[in-house]
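Enquirer: For reference, the sequence and a predicted model appear below.
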Amino acid sequence: MAKPDGQEETRAQMHGEQIPDLPPTERLADIWLQLGRAGDGLSGAVPFTWAEIAAFARMSGTDLHPAEASCLVEMSRQFCIEVADRNPLRMAPMERKA
């Protein structure tokens with residue numbers, strides 16, 4: 001196993017092999033529903049910015065983990081991409097392979 005520069009132990013030996021606890025996904029979906037899918041722009045839906053999500057969290061008293069905020073930003077971006085795509089032959093997101 002690889003060792004960090006100047007270290008005698010691997011990262012797994014130093015920090016353990018546990019995966020950090022992830023927030024429940026239902027919570028994130030509920031927050032996104034409260035927040036809304038995207039903002040309104042002159043030409044349609046626009047993704048939420050980090051500042052808008054931070055303001056929502058602060059004003060609603062929602063304690064957001066940085067990973068959750070990052071997910072909300074990306075979910076909003078992807079939502080806007082799908083809304084803007086007018087190709088009737090495009091593959092639905094749930095049918096795509098990652």
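Expert: Okay, I see it.
Enquirer: Quick one: list the elements packing against the lengthiest helix in the chain.
Expert: With DSSP state H applied, the helix covering the greatest number of residues in the chain is identified as helix 66-84. Taking 3 or more CB pairs under 8 Å, 6 or more residues apart in numbering; DSSP states H and E as the contact definition, the neighbouring helices and strands of helix 66-84 are helix 25-35, strand 44-46, helix 50-60. For every residue, glycine as well, the C-beta is placed using N, CA and C.
Enquirer: Quick check: closest non-adjacent residue to the residue nearest to the spatial centre of the chain.
Expert: The geometric centre of the chain, computed from its C-alpha atoms, lies nearest to Cys71 (CA atoms, centre = their mean), at 0.6 Å. What sits nearest to Cys71 in space, not counting adjacent residues and going by CB to CB, 6 or more residues apart in numbering, is Leu28, at 5.9 Å.
Enquirer: quick revisit: out of the helices and strands packed on helix 66-84, nearest to Glu95?
Expert: helix 25-35 (20.1 Å; CB to CB).
Enquirer: relative orientation of the closest one and helix 50-60 in degrees?
Expert: Counting by axes from the mean of the first three to the mean of the last three CA atoms, to 10 degrees, helix 25-35 points 90 degrees away from the direction of helix 50-60.
Enquirer: returning to what we had before: now for the residue nearest to Cys71: which residues touch it?
Expert: Leu28 makes contact with 68, 71-72, according to CB atoms under 8 Å, 6 or more residues apart in numbering.
Enquirer: what's the closest of the residues you listed to Met91?
Expert: Checking the contacts of Leu28 against Met91 by CB to CB gives Cys71 as the nearest, at 22.3 Å.
Enquirer: returning to what we had before: next, work out how far apart the residue nearest to the centre of the chain and Thr62 are.
Expert: As for Cys71, its distance to Thr62 is 13 Å (criterion: CB to CB, to the nearest Å).
Enquirer: what residue ranges in this structure score low on pLDDT?
Expert: Per-residue confidence of the chain (counting by pLDDT under 70) places the weak regions at 1-4, 11, 15, 17-24, 98.
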